[in-house]
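> Just the structure for this:
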Amino acid sequence: MKPIREVEGRAIPLGLKNIDTDVIIPAHYLKTITRKGLGKGAFETIRAQPGNIFDDPGYAGANILIAGDNFGCGSSREHAAWALNDMGIDAVIAPSFSDIFSGNAFKNGILTVVLPQEAVDRLLEVAKTDPIGIDLEHQTVTTPFQDRFTFEIDPFRKHCLLNGLDEVGMTLAQDAIIAGFESKMAAERPWL
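Modelled structure (predicted):
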């Protein structure tokens, strides 16, 4: 997982409430076990509508998504986070997230930022024309217009995202301790 310190750039001003995981990635894409290629199916029902925001060339390469309340509700599919990753999304800003989606996003290196609706409304407006900046270390979201919004994040999640540590990375960081334990157990209990 790549470390996240700052996420800056264009943001897709989606703003819709109650976007569930079936909208993020429809069920017929769940047959894959690979994370690659899911971005093309992300938001398929929205992309089917003419003039949708995801096909607007002004947002090509956007790495931030601004959503409405209760983003990621519905089933617990990890494929939703995989699809956002494959689209190039590093952070999602919304007034609230489903707990399961938020956990899956974190485990896949996506920063979820919870801000009050008024702040999200302002960011939706700014994102139509200008970039947004997120500073994880200082827990702030800023705009070129001197807007500055602070957000809370669990200290453990912050540490992991700043250092690019997923569950495998955290285990590998304990390699010397694990090897020492295994050597001690082999000496003390050779029958194991």
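> Please report how far Asn108 lies from Gly51.
According to CB to CB, to the nearest Å, Asn108 and Gly51 sit 30 Å apart. From N, CA and C alone the C-beta is placed, and that goes for glycine too.
> More neighbours: which of those two?
A direct count of neighbours by other CB atoms under 10 Å for Asn108 and Gly51 places Asn108 higher, at 16 against 6.
> quick one, helices of the chain?
With DSSP state H as the criterion, the chain has helices at 21-24, 44-47, 79-87, 99-107, 117-127, 155-163, 167-172, 175-188.
> wait, isn't Gly164 in contact with Pro3?
Yes: between Gly164 and Pro3 there is a contact under CB atoms under 8 Å: 3.7 Å.
> Can you tell me how far His159 is from Trp191?
From His159 to Trp191 the distance is 39 Å (CB to CB).
> The two: who's more crowded?
His159 (12 against 3).
> Let me see the contact set for the spatially most central residue of the chain.
When CA atoms, centre = their mean is applied to the chain, the residue found nearest the centroid is Ile110 (2.4 Å). Residues counted as contacts of Ile110 (CB atoms under 8 Å, 6 or more residues apart in numbering) are 81, 84-85, 89-92.
> Please render the residues you listed as TSV that adds neighbour count and distance to Ile46 to the earlier fields.
What follows is the contacts of Ile110, written out as TSV (neighbours: other CB atoms under 10 Å; distance: CB to CB, whole Å):
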residue	neighbour count	distance to Ile46
Ala81	28	18
Leu84	26	13
Asn85	20	18
Ile89	22	14
Asp90	21	20
Ala91	25	19
Val92	26	15
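> Return the set of buried residues in the lowest-mean-pLDDT helix or strand in the chain.
Sorted by mean pLDDT, DSSP states H and E, the helices and strands of the chain end with helix 167-172, the least confident at a mean of 81. For helix 167-172, a neighbour-count test (16 or more other CB atoms under 10 Å) marks nothing as buried.
> re earlier: let me have the helices of the chain in TSV, adding distance to Pro57 as columns.
Output for the helices of the chain, formatted as TSV (distance: least, CB to CB, whole Å):
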stretch	distance to Pro57
helix 21-24	22
helix 44-47	14
helix 79-87	15
helix 99-107	26
helix 117-127	15
helix 155-163	30
helix 167-172	36
helix 175-188	46
